[in-house]
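>>> Quick one: sequence plus predicted model below, questions after.
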Amino acid sequence: MSKKTKKDGKGSDEVYSVRDGISLVLNNSPERKFTESVELAFNLKNVDMGKPKNRIDEEILLPHGPGRERKIAVFASGEVALKAQKAGADAFSPEEIDKLAEDKKKAKAFAREYDFIIAEASLMPIIGKKLGIILGPRGKMPTPLPPGVEVEPIVDRLKRTVRVRSRDKTTFHVLIGRRDMDVDELTENAETVIKRVESRLESGRQNIKSVYVTTTMGISGRVM
């Protein structure tokens with residue numbers, strides 16, 4: 001496996017296997033005072049991203065999780081709220097919807113703070129009406145929780161989930177883990193993401209110009 005890097009700090013354009021690309025990046029990026037994230041950078045081709053149907057907006061369950069805490073908010077009351085808290089989520093009463101709607105700055109901070117939001121299905125209309133303008137464009141509209149459905153499994157799943165949003169861009173990044181994770185775990189996570197993105201493209205792999213793996217501040221290695 002070559003370990004050459006460009007002078008600009010990015011990996012060479014040699015195409016590696018996913019596992020070798022991850023190993024290249026981890027072995028040749030300087031150590032930092034914090035644990036860096038590991039991401040995939042996708043570059044698409046021959047896709048009209050001006051058409052909403054071609055944009056990617058997916059939740060992908062990573063086999064080994066993202067390696068860092070996912071912050072999850074749950075709009076619920078009573079026993080559902082208690083179960084959500086027990087599962088590790090932050091519970092918000094229905095009254096909090098109005099409070100957030102009255103303070104756009106607070107609502108925007110809320111959207112930034114939480115990776116995923118769940119809400120009892122009965123609350124979805126009011127959330128859409130009062131907070132949709134804040135949550136919608138940020139891809140943070142809640143996952144509805146139907147009556148009788150247990151909230152704990154949904155919270156557990158979202159803890160191991162990443163959101164892929166291309167918006168109208170042909171280049172976008174996806175978190176696959178942290179630098180302190182095992183290479184095999186990162187490889188399986190990366191392959192899961194690549195496969196899912198391919199499945200969402202009209203021509204599959206033919207619509208992918210390149211894919212790079214990179215750390216927050218390290219080099220990159222091309223894996224497609």
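Yep, that arrived.
>>> Break this protein down into its domains, please.
18-66+161-222, 72-159 (automatic domain parsing).
>>> what about the shortest one, average pLDDT?
The average pLDDT for domain 72-159 rounds to 96.
>>> can you put the domains of the chain in a markdown table and add mean neighbour count?
To be clear about C-beta, it is placed using only N, CA and C from the backbone, and glycine gets the same treatment. Shown next, in a markdown table, are the domains of the chain (neighbours: other Cβ atoms under 10 Å):
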| stretch | mean neighbour count |
| --- | --- |
| domain 18-66+161-222 | 17 |
| domain 72-159 | 16 |
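>>> Is residue 66 part of a helix or strand, or is it coil?
The local conformation at residue 66, judged by DSSP: H, G, I helix; E, B strand; the rest coil, is coil.
>>> Packing partners of the helix with the most length in the chain?
If you go by DSSP state H, the chain has its longest helix at helix 183-200. With contacts defined as 3 or more Cβ pairs under 8 Å, 6 or more residues apart in numbering; DSSP states H and E, helix 183-200 has these neighbours: helix 18-28, strand 37-44, strand 57-61, strand 161-165, strand 171-178, strand 208-215.
>>> Now distance to residue 74 too, for those, in CSV please.
Listed next are the helices and strands packed on helix 183-200 as CSV, based on distance: least, Cβ to Cβ, whole Å:
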stretch, distance to residue 74
helix 18-28, 34
strand 37-44, 25
strand 57-61, 16
strand 161-165, 15
strand 171-178, 22
strand 208-215, 32
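>>> wait, which of these is closest to residue 81?
With distances scored as Cβ to Cβ, the stretch of the helices and strands packed on helix 183-200 nearest to residue 81 is strand 161-165 (21.2 Å).
>>> how distant is that closest one from the center of its chain?
Counting by Cα atoms, centre = their mean, to the nearest Å, strand 161-165 is centred 3 Å from the centre of its parent chain.
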